[in-house]
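Colleague: Build me a model from this:
(one chain, ligands or ions: 2)
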Amino acid sequence: MIIAIDGPAASGKGTVAKRIAVHYGLRHLDTGALYRAVARDTLAQGGELADSSAAAAAASRLDVATLDDPVLRTAGLGEAASVVARHPEVRAVLLAYQREFVRIPPGAVIDGRDIGTVICPNADVKLFVTATPEERAHRRFLELQAAGAAIAEAEVLADIRDRDQRDMTRTTAPLRQAEDAALLDTTNLDIDAAFRAAIDLVEAAMGNAGRAD
Ligand SMILES: Nc1ncnc2c1ncn2[C@@H]1O[C@H](COP(=O)(O)OP(=O)(O)OP(=O)(O)O)[C@@H](O)[C@H]1O
Ligand SMILES: Nc1ccn([C@@H]2O[C@H](COP(=O)(O)O)[C@@H](O)[C@H]2O)c(=O)n1
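Modeller: Ligands and ions are numbered 1, 2, ... in the order given. Now for the predicted structure:
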């Protein structure tokens, strides 16, 4: 089974994806970490984020064992990831890894920006998780603050708006809801409520009537 989850930054898609994966005993892939790692490596190798050749070279050499590097969660690498993510050459290299990941039985829960539209257009279930920019900025601010980052909430909101704009307007694989994806707005839902709503949508898409609780 393949469950594809897309949505903008800090909408809660990764949190929901991880819990759905545990619930159904599936593997989980956070594809944002791939782009963050490519940005990290491009810079570490002395390249420019805007240089598609340097970024594609970093993508081809990517060591997926480094995807749990805590530095990937910093605000700067979120922004940097959205720059390398604009290069079609980078996306082509990462597409192969993502398709291979979901192909392994029993399937996977995979979250990102273009999963339902490009990576897994035939996924069994597609969700599009969203929330208002203000709510997303607040959540990301709390997360960064807990990690010890000194950043103002207004700055986080400005970053989120910039990133939304870049992700939605790029030519290759822009962020958008797939026509057959179910919408989950988590603005007024806490994590448990968002998870239960997500399970209801997954079960409905599979033709079942079960609940998470
Ligand atoms: N429904 C919710 N209510 C409150 N906080 C939430 C909710 N869902 C997630 N969070 C928190 O918001 C932050 C962002 O969530 P998460 O990382 O799941 O978002 P995301 O969409 O995967 O973000 P990104 O695309 O940037 O990786 C985390 O700190 C998470 O704990
Ligand atoms: N499938 C994807 C996933 C991510 N991106 C880009 O990476 C940036 C960081 O992603 P996070 O989910 O970790 O916030 C994101 O802003 C996108 O530019 C992507 O293009 N496709």
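Colleague: Name every strand pairing with the helix or strand I3 falls within and say which way it goes.
Modeller: Per DSSP states H and E, I3 falls inside strand 2-6. Taking DSSP bridges as the criterion, strand 2-6 forms sheet pairs with strand 108-112 (parallel), strand 125-130 (parallel).
Colleague: which residues sit against the first one?
Modeller: Applying C-beta atoms under 8 Å, 6 or more residues apart in numbering, the contact partners of strand 108-112 are 2-7, 13-14, 17-18, 20-21, 24, 26-32, 98, 101-102, 119-120. (C-beta placed from N, C-alpha, C; glycine too.)
Colleague: which residues does the nearest residue to I115 once chain neighbours are set aside form a beta bridge with?
Modeller: Nearest residue to I115, sequence neighbours excluded (C-beta to C-beta, 6 or more residues apart in numbering): A4, at 4.0 Å. For A4, the beta-bridge assignment (DSSP bridges) gives partners I110, K126.
Colleague: just to revisit the earlier point, between the strands paired with strand 2-6, which one is closest to ligand 2.
Modeller: strand 108-112 (2.4 Å; C-beta to the nearest ligand atom).
Colleague: For that closest one, the averaged confidence score.
Modeller: Across strand 108-112, pLDDT averages out at 98.
Colleague: what do you get for stretch 142-160?
Modeller: The predicted model assigns stretch 142-160 a mean pLDDT of 94.
Colleague: Of all the residues in it, which ones are buried?
Modeller: Across stretch 142-160, burial judged by 16 or more other C-beta atoms under 10 Å covers L144, V156, L157, D159, I160.
Colleague: List the residues that contact the closest residue to the third one other than its chain neighbours.
Modeller: Counting by C-beta to C-beta, 6+ apart, A137 is the residue found nearest to L157 once chain neighbours are left out, at 3.7 Å. Contacts here follow C-beta under 8 Å, 6+ apart; on that basis A137 touches A10, E153, V156, L157, I160.
Colleague: Report the buried members of the contacts of strand 108-112.
Modeller: 2-7, 13-14, 17, 20-21, 24, 26, 28-32, 98, 101-102, 119-120.
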